[in-house]
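Student: Provide a 3D model corresponding to the input given below.
(chains A and B)
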Number of protein chains: 2
Amino acid sequence: MNLFHTPQEMTTWAQEQRRSGRRIGFVPTMGYLHAGHLSLVTEAKKNADVIVVSIFVNPTQFGPHEDFEKYPRDEAHDMTLCKEAGVAAVFLPTPSAMYAPNASVFVDESTLQYGLCGERRPGHFRGVCTVVAKLFNIVLPDVAVFGQKDFQQASIIQRMVRDLNFPIEIVVAPTLREPDGLAMSSRNVYLSADERKRALGLSRALDAISGDTPCRVMCDVLEQHGLRVDYAEIVDADTLVPVEKVTKGNVALIAAYCGKTRLIDNRIL
Amino acid sequence: MNLFHTPQEMTTWAQEQRRSGRRIGFVPTMGYLHAGHLSLVTEAKKNADVIVVSIFVNPTQFGPHEDFEKYPRDEAHDMTLCKEAGVAAVFLPTPSAMYAPNASVFVDESTLQYGLCGERRPGHFRGVCTVVAKLFNIVLPDVAVFGQKDFQQASIIQRMVRDLNFPIEIVVAPTLREPDGLAMSSRNVYLSADERKRALGLSRALDAISGDTPCRVMCDVLEQHGLRVDYAEIVDADTLVPVEKVTKGNVALIAAYCGKTRLIDNRIL
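Tutor: Okay, the predicted model is just below:
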């Protein structure tokens, strides 16, 4: 397995793969890999000849009071998992290899980022769009796979690919869950034993959706689990605008604090 | 010569070229081609096997009171010139092929665009960055050539390529001039016979730079030619920040109105 630390090395390898006629599949991650990430690699393999995983905790998508510093990292274990999963190359840059001190060009989305996580995390999706555009230009994938767990992110990336004409197919893969239903997330490691139990409230709230006030139902379940609701909404899958009347294909999305840990989950209805 | 009207057709052709091992050279234009554009094609040929010219009067880089509607167009003549110049493919899309009605992703530059044309044309460089990023992803060039006449634009594009890691070499080619010194521009067609003479004030002002108050000298020459000064500045070539004391490598830039026509010119000192 190849390991690249600079954009130049990564791009040189990617261009060689393309010249050799191989399709590149790409899974961008922030590391601390779990079975959810590996399912994205499996999905990528269905659509490509060689798989690249990037591991980069991108500082520009964290707010000043968010968890950039304490975001979990375990590069040695990540490398082992990638090797076992048959990944061809890992791209693991430092922030200084990714951002010039006077970096001044950004990619911004101006519609879908309002509401939901974008509204609560100002600048988050500007950071996400910019780093993903950079990674696309560095890794030169034919196909890139994102997890449905970050539904708003996946929608915004698909919009970016359309609006900036990236010649890349985007696949959104289903959320992997623990046996009891908790969506897999690197941030689950933050949870104490008690919080881990209460975190089940997110998937339980999605299970409970029914009746004329489905958002109220979700909030009730979240609060019964001792979770602080950040949002619990049902939106149109294309526009991400909250719907008046729920119909098939709408998406229910939740963000809630479990202690100090902010967790998200969603379900296509 | 190939003519493509949709991004899909253009990208399919570009990917075939790349698979065949050919280097693609790219000259993005707004059409109404003149010898200045053709010199960019000549420059591109030095660095590539096949040349693509795009012709697209991009609505998003014009302000509400600017000359989008009346910007000169002559596609038949443009095609003849491209054919004679040995261009392999012309990309000539409609606005609706380039922008979805709900397009919401933009590329923005946050430092170099302040001052000079960016300050006078709000949103202009956001439009330029976005359309050039789109064209890069559609045409997939190895090298792209821009004219020095649009110095601030060339600086911002180079910054965009660096900050978004486009795997593209940018070449900035010298400004072509009429025999009397006027910088070639599609907008010169707007000038009446009298205005055409007075337009010489721009290159004359750049010739006249000297002494302790070089910007004042430029303004004087412009005003002597009956031109209304939009700006006349000397800036650092990398930061585009006005300099206190002029040194070699600084850039003098002018924008001035000749009647209703806004003209620009510059010189590296």
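Student: just the residues contacting the helix or strand residue A:107 falls within, thanks.
Tutor: For residue A:107, the element it lies in under DSSP states H and E is strand A:105-109. Strand A:105-109 has contacts (C-beta atoms under 8 Å, 6 or more residues apart in numbering or on different chains) with A:125-126, A:129-130, A:133, A:156, A:159-160, A:164, B:104-110, B:129, B:159-160, B:162-164. From N, CA and C alone the C-beta is placed, and that goes for glycine too.
Student: quick one: list the elements packing against the least confident helix or strand in chain A by mean pLDDT.
Tutor: None of the helices or strands of chain A scores lower by mean pLDDT, DSSP states H and E than helix A:116-120, at a mean of 93. Secondary-structure packing of helix A:116-120 (3 or more C-beta pairs under 8 Å, 6 or more residues apart in numbering or on different chains; DSSP states H and E): helix A:124-139, helix A:151-163, strand A:228-235, strand A:251-258.
Student: JSON lines for the ones you listed, including mean pLDDT?
Tutor: Shown next, in JSON lines, are those (pLDDT from 0 to 100):
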{"stretch": "helix A:124-139", "mean pLDDT": "98"}
{"stretch": "helix A:151-163", "mean pLDDT": "98"}
{"stretch": "strand A:228-235", "mean pLDDT": "98"}
{"stretch": "strand A:251-258", "mean pLDDT": "98"}
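Student: in ChimeraX, select just the buried ones from the contacts of strand A:105-109.
Tutor: Buried residues within the contacts of strand A:105-109, by 16 or more other C-beta atoms under 10 Å in any protein chain shown, are selected in ChimeraX with:
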select /A:125,126,129,130,133,156,159,160,164 /B:104,105,106,107,108,109,129,159,160,163,164
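Student: for the closest residue to residue A:171 other than its chain neighbours, give me its contacts.
Tutor: Distances taken as C-beta to C-beta, 6 or more residues apart in numbering or on different chains put residue A:145 closest to residue A:171, at 4.7 Å, once the chain neighbours are dropped. Contacts for residue A:145 (C-beta under 8 Å, 6+ apart) come out as A:25-27, A:40-41, A:43-44, A:170-173.
Student: same check, this time on residue A:158
Tutor: Counted by C-beta under 8 Å, 6+ apart, residue A:158 has contacts A:170, A:172.
Student: distance of it from residue A:131?
Tutor: Distance of residue A:158 to residue A:131, given as C-beta to C-beta, to the nearest Å: 16 Å.
Student: now do residue A:159
Tutor: Distance of residue A:159 to residue A:131, computed by C-beta to C-beta: 16 Å.
Student: tell me the contacts of the closest residue to residue A:118 other than its chain neighbours?
Tutor: Distances taken as C-beta to C-beta, 6+ apart place residue A:125 nearest to residue A:118, at 5.0 Å, with adjacent residues excluded. Counting by C-beta under 8 Å, 6+ apart, residue A:125 touches A:61, A:108-109, A:113, A:117-118, A:152-153, A:156.
Student: any idea how far residue A:125 is from residue B:104?
Tutor: Distance, residue A:125 to residue B:104, by C-beta to C-beta: 11 Å.
Student: check residue A:238 too.
Tutor: Separation of residue A:238 from residue B:104 (C-beta to C-beta) stands at 12 Å.
Student: partner strands of the strand holding residue A:107, with direction?
Tutor: For strand A:105-109, the pairing partners within the sheet under DSSP bridges are strand B:105-109 (antiparallel).
Student: now the partner strand, how far from the centre of its chain.
Tutor: Relative to the mean C-alpha coordinate of its chain, strand B:105-109 is positioned 18 Å out (C-alpha atoms, centre = their mean, to the nearest Å).
Student: dump it to PDB, restricted to CA.
Tutor: Output of strand B:105-109 as PDB, limited to C-alpha atoms (Å, rounded to 0.1, in the frame of the first residue of the first chain):
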ATOM      1  CA  VAL B 105     -21.900  26.700  -5.600                       C
ATOM      2  CA  PHE B 106     -19.300  29.400  -6.200                       C
ATOM      3  CA  VAL B 107     -15.500  29.900  -6.000                       C
ATOM      4  CA  ASP B 108     -14.400  33.000  -4.300                       C
ATOM      5  CA  GLU B 109     -11.100  34.700  -3.700                       C
END
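Student: what's the mean pLDDT across that strand?
Tutor: What strand B:105-109 shows for mean pLDDT is 98.
Student: which SS class is the nearest residue to residue A:122 once chain neighbours are set aside?
Tutor: Using C-beta to C-beta, 6+ apart and skipping the chain neighbours, the partner closest in space to residue A:122 is residue A:63 (6.9 Å). Classification of residue A:63 using DSSP: H, G, I helix; E, B strand; the rest coil returns coil.
Student: give me the number of residues near residue A:63?
Tutor: Using other C-beta atoms under 10 Å in any protein chain shown, residue A:63 has 13 other residues around it.
Student: same question for residue A:249.
Tutor: Using other C-beta under 10 Å, residue A:249 has 10 other residues around it.
Student: same question for residue A:240.
Tutor: 22.
Student: one more: the one 4 residues further on?
Tutor: The tally of other residues near residue A:244 (other C-beta under 10 Å) stands at 6.
Student: and it, how close does it get to chain B?
Tutor: For residue A:244, the distance to chain B equals 20 Å [C-beta to the nearest C-beta, to the nearest Å].
Student: tell me which element residue A:17 falls in.
Tutor: Using DSSP H and E, residue A:17 sits in helix A:7-19.
Student: then residue A:197?
Tutor: helix A:193-198.
Student: return the set of buried residues in that helix.
Tutor: Buried residues in helix A:193-198, counted by 16+ other C-beta under 10 Å: A:195-196, A:198.
Student: which one among those residues gets closest to residue B:209?
Tutor: Taking C-beta to C-beta as the measure, residue B:209 lies nearest residue A:195 of the buried residues of helix A:193-198, at 68.3 Å.
Student: can you list the residues of chain A near chain B?
Tutor: Contact residues, chain A versus chain B (C-beta under 8 Å from any C-beta of the partner chain): A:7, A:11, A:15, A:18-19, A:21, A:99-100, A:102-112, A:129-130, A:133-134, A:137-138, A:140, A:159-160, A:162-167.
Student: 7 Å instead, please
Tutor: Residues of chain A lying near chain B by C-beta under 7 Å from any C-beta of the partner chain: A:7, A:11, A:100, A:102-112, A:129, A:133-134, A:137-138, A:140, A:159-160, A:162-167.
Student: the domain parsing of chain A - what is it?
Tutor: Listed domain ranges for chain A are A:2-173, A:191-262 (source: automatic domain parsing).
Student: from residue A:202, how far off is the residue of the stretch 151-269 of chain A found nearest chain B?
Tutor: Among the residues of the stretch 151-269 of chain A, residue A:163 lies closest to chain B, at 3.8 Å counting by C-beta to the nearest C-beta. Counting by C-beta to C-beta, the separation of residue A:163 from residue A:202 is 31 Å.
Student: show me what residue A:143 is bridged to.
Tutor: Beta-bridge partners for residue A:143, by DSSP bridges, are residue A:25, residue A:169.
Student: could you do residue A:232 as well?
Tutor: residue A:254.
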